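J.: okay, here's the prediction I keep looking at, along with the sequence it came from:
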Amino acid sequence: MTAAGGAGLTGWIGTAVLKELRGAGHSVLGMAYSDAGDDKLKAQGVEVYRGDIRDPRCLVEGVRATDATIHLAFHMDFSDFSKINQIDRDAVSAMLDAMEGTNKAFVGTNGTLVVSKPGKVAFETDESPASSPLAVRLQAERLVVDAAKRGVRGSVIRLAPTVHGAGDKGFIAMLIDIAREKKTAGYVDDGDHHWPAVHRDDAARLYTFVPGPSC
């Protein structure tokens, strides 16, 4: 049984990851930054530590107390994209520093949009052009990948632009609601377009698989 730590386990994807971890018999230490999050995790039998990614120092104790860390938290104030990405980098850096030389697993999160190429296939080694506003999202990702040189088994999951499933309130749910209201599903031109998507449960299983049984 692995002791797994998670930041962001009360969110849309995090709740599914938590279910997978608990179902696999892992003990979980989940971060909560509010009383509501605290209560939500405790109701699911999860040990809670209070923290906030805006204060990287408070994350250190959590990663040191667990065998593997899954990072799903993100400060969602998109009014200052540069600032929220700096918050993410500082949080990731603090956690990786605390894990240095331990050979513990750290799973970070990004999105496939950072390497999107209209009309072309993108690969895991691709990166955003420097001119892209999304290029800043790769900076935290590089910290995780480079952590292998520091004795951390770092990996990053790039999620599809839409993660859908029961209870979804995002983009896919919006399109479904429009189609129900209008009694028709619209599409652009001849409809020969591809939009990557993943079911939330499939994404959750991937997060629990990546750390591996050796954690």
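T.: Received, thanks. These numbers come from a predicted model, not from an experiment.
J.: and the average pLDDT for the helix ranked longest in the chain is what?
T.: Longest helix in the chain, counting residues (DSSP state H): helix 81-99. Helix 81-99 shows a mean pLDDT of 94 in the predicted model.
J.: which helices and strands sit right next to that helix?
T.: helix 60-64, strand 68-71, strand 105-111, helix 138-146 (3 or more CB pairs under 8 Å, 6 or more residues apart in numbering; DSSP states H and E). Bear in mind the C-beta positions are built from the backbone N, C-alpha and C, glycine included.
J.: what about it, distance to the chain center?
T.: 13 Å (CA atoms, centre = their mean, to the nearest Å).
J.: so for the helix or strand where residue 154 lies, what's the average pLDDT?
T.: Using DSSP states H and E, the element containing residue 154 is strand 153-159. Regarding strand 153-159, the rounded mean pLDDT is 93.
J.: quick one, phi psi at the residue sitting furthest away from the middle of the chain?
T.: Of all residues in the chain, residue 183 has its C-alpha farthest from the mean position, at 34.7 Å, by CA atoms, centre = their mean. The phi/psi pair for residue 183 (degrees, to the nearest 10) reads phi 70, psi 20.
J.: per-residue confidence at it?
T.: Confidence at residue 183, expressed as pLDDT, is 94.
J.: any figure for the gap between it and residue 189?
T.: 21 Å (CB to CB, to the nearest Å).
J.: point out where the chain drops to low pLDDT.
T.: For the chain, residues meeting the criterion pLDDT under 70 lie at 1-7, 130, 210-215.
J.: chain neighbours aside, what residue packs nearest to residue 101?
T.: residue 151 (4.0 Å; CB to CB, 6 or more residues apart in numbering).
J.: which residues sit against stretch 84-98?
T.: 7, 53-54, 56-57, 59-60, 63-64, 69, 71, 73-78, 106, 108, 136-137, 139-140, 143-144, 147, 150, 152, 154 (CB atoms under 8 Å, 6 or more residues apart in numbering).
J.: got a PyMOL select line for the buried ones in those residues?
T.: Buried residues among those (16 or more other CB atoms under 10 Å), as a PyMOL selection:
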select buried, resi 7+53+56+59+63+69+71+73+74+75+106+108+136+137+140+143+144+147+152+154
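J.: hang on, the earlier thing: the strand holding residue 154 to helix 81-99, inter-axis angle?
T.: Strand 153-159 runs at 150 degrees relative to helix 81-99, counting by axes from the mean of the first three to the mean of the last three CA atoms, to 10 degrees.
J.: who does the helix or strand just after strand 153-159 pair with, and is each partner parallel or antiparallel?
T.: Sequence order places strand 162-164 as the next helix or strand after strand 153-159, per DSSP H and E. Strand 162-164 sits in its sheet next to strand 197-199 (parallel), going by DSSP bridges.
J.: paired strands for the helix or strand containing residue 49, with orientation please.
T.: Using DSSP H and E, the element containing residue 49 is strand 47-50. Take DSSP bridges as the rule and strand 47-50 pairs in its sheet with strand 27-32 (parallel).
J.: can you pull the buried residues of the next helix or strand after the strand it pairs with?
T.: Helices and strands here follow DSSP H and E; after strand 27-32, the next one along the chain is helix 35-42. Of the residues in helix 35-42, those with enough neighbours to count as buried (16+ other CB under 10 Å) are 37-38, 40-41.
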